[in-house]
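Enquirer: need a 3D model of the following:
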Amino acid sequence: MNTFGHLFRITTWGESHGGSIGVVIDGCPPRLKIDLEAIQFELNRRRPGQSHLTTPRQEEDQVQIESGVFEGQTIGAPIMMRVVNKDARPSAYEHLKDVYRPSHADFTYQQKYGIRNWQGGGRASARETIGRVAAGAIAKQILREQCDTEILAYVKQIHTIGAEVDSDTVTLDDIESSPVRCPDPIASAKMAERIEQARRDRDSVGGIIESVSRNVPVGLGEPVFDKLKADLSKAMMSLPATMGFQIGSGFGCVTMTGSQHNDPFYNDSGQIRTRTNNSGGTQGGISNGENILFQVAFKPTATIGKAQETVDIHGNETVLSAHGRHDPCILVRAPAIVEAMAALVLVDHFLRQRAKTF
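Expert: Below you'll find the predicted structure:
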């Protein structure tokens with residue numbers, strides 16, 4: 001349950017308020033020159049304390065590569081990357097030790113294992129995604145060098161505020177220039193104010209992340225159970241706080257006829273393309289060369305300062321008003337995580353396809 005992937009496999013480890021947290025990658029091809037700055041860049045996009053719109057927890061999240069790299073290149077051995085937790089405050093969760101937080105994993109973890117780490121949620125904390133982002137940065141590098149694949153994610157909606165974004169032309173600079181990582185400047189400003197309002201109200205808001213992957217090779221994905229869209233869905237729904245996934249036209253397809261929804265083929269100077277992309281870049285679960293476009297819905301942060309009904313570990317009803325360092329909206333830090341999971345799926349299927357056709 002801590003390992004993801006087939007040929008490019010990652011295992012994440014560590015807890016939110018433990019000594020350190022990280023990932024082991026197995027199956028990374030040898031002789032890949034590791035770009036440590038690129039890995040750190042992705043972790044910086046994910047880290048807490050990066051602005052007034054995120055949790056004030058201050059973590060540098062400096063990555064250390066402990067194994068699998070020699071003289072700057074991968075050697076075919078497992079790669080272990082670690083980030084030390086420097087601003088952990090487990091005592092801040094003492095008041096939650098015997099209480100189940102609404103919409104958290106506290107109750108279900110206790111029922112499943114008979115024990116739980118109440119210090120920030122342990123493995124259930126979104127801090128676990130550090131390992132995913134670090135591994136995803138290496139996956140991105142492989143895809144970029146082998147296929148010129150680019151993977152981007154950005155905030156499409158926060159609460160009721162939606163953005164107008166052209167997924168074909170949006171750039172990383174467009175995304176990173178916004179404090180909420182929404183490339184629509186007008187919507188971005190409104191979103192920032194909405195997050196601030198949620199913080200003032202001791203509440204939280206959710207939203208939608210949209211992701212586009214360009215220059216994805218044709219033929220990635222396996223028929224039936226390991227369809228590319230199925231693995232992308234699993235990857236996204238494995239992230240903390242995700243509540244929905246849709247690719248291409250998604251649920252909007254139900255209001256369309258077949259003639260409206262089908263993507264007509266045409267010959268573009270010898271390259272077969274589709275004029276529309278309602279399929280979201282996959283057909284029959286296999287990539288067709290068009291942009292892979294999907295959206296992920298994230299719920300409002302579960303830990304809020306408002307009073308909520310709950311029970312303690314003995315079943316006694318009580319009222320909880322949580323306090324601590326929490327994001328009023330997790331979407332500001334989510335694009336890097338969504339991109340990482342997309343990269344892990346795509347690189348795994350790229351290696352699987354290469355093994356079949358070499």
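Enquirer: can you give me how far the longest helix belonging to the chain is from the chain middle?
Expert: Longest helix of the chain, by residue count under DSSP state H: helix 334-357. Mean-position distance between helix 334-357 and its chain equals 13 Å (C-alpha atoms, centre = their mean, to the nearest Å).
Enquirer: mind pulling up the pLDDT for I247?
Expert: At I247, the pLDDT value in this model is 98.
Enquirer: I'd like to know how many residues surround it.
Expert: I247 has 21 neighbouring residues, counting by other C-beta atoms under 10 Å. Where you see a C-beta, it was placed from the backbone N, CA and C, and this is true even at glycine.
Enquirer: hang on, S178 packs against S188?
Expert: Yes - S178 is in contact with S188 according to C-beta atoms under 8 Å; the separation is 4.3 Å.
Enquirer: which neighbours do these two have in common?
Expert: In terms of C-beta atoms under 8 Å, 6 or more residues apart in numbering, S178 and S188 are both contacted by the residues V155.
Enquirer: where do the helices sit along the chain?
Expert: Under DSSP H, the chain gives helices at 36-46, 106-113, 129-147, 172-176, 185-200, 228-237, 258-261, 334-357.
Enquirer: tell me which of these sits nearest to I247.
Expert: helix 228-237 (5.0 Å; C-beta to C-beta).
Enquirer: show residues contacting that closest one.
Expert: 4, 220-221, 242, 245, 247, 280, 282, 285-287, 292, 294, 296, 338, 341-342, 344-345, 348-349.
Enquirer: switch to 6 Å and redo it
Expert: L220, G221, T242, F245, I247, T282, G285, S287, V296, M341, V345 (C-beta atoms under 6 Å, 6 or more residues apart in numbering).
Enquirer: same check on stretch 201-215?
Expert: Here stretch 201-215 has contacts from 148-153, 156-159, 167, 198, 291-301, 304-306, 328-329, 331, 334, 338, 342, using C-beta under 6 Å, 6+ apart.
Enquirer: list buried residues within those.
Expert: Buried by 16 or more other C-beta atoms under 10 Å: 149-153, 156-159, 167, 198, 291-301, 304-305, 328-329, 331, 334, 338, 342, out of the contacts of stretch 201-215.
Enquirer: next step: those residues restricted to strands.
Expert: The strands, defined by DSSP state E, take in 150-153, 156-158, 292-298 from the buried ones among the contacts of stretch 201-215.
Enquirer: the nearest residue to I175 once chain neighbours are set aside and G121, how far apart?
Expert: Excluding its sequence neighbours, the residue lying closest to I175 (C-beta to C-beta, 6 or more residues apart in numbering) is Y154, at 4.6 Å. Remark: distance between Y154 and G121 (C-beta to C-beta, to the nearest Å) = 27 Å.
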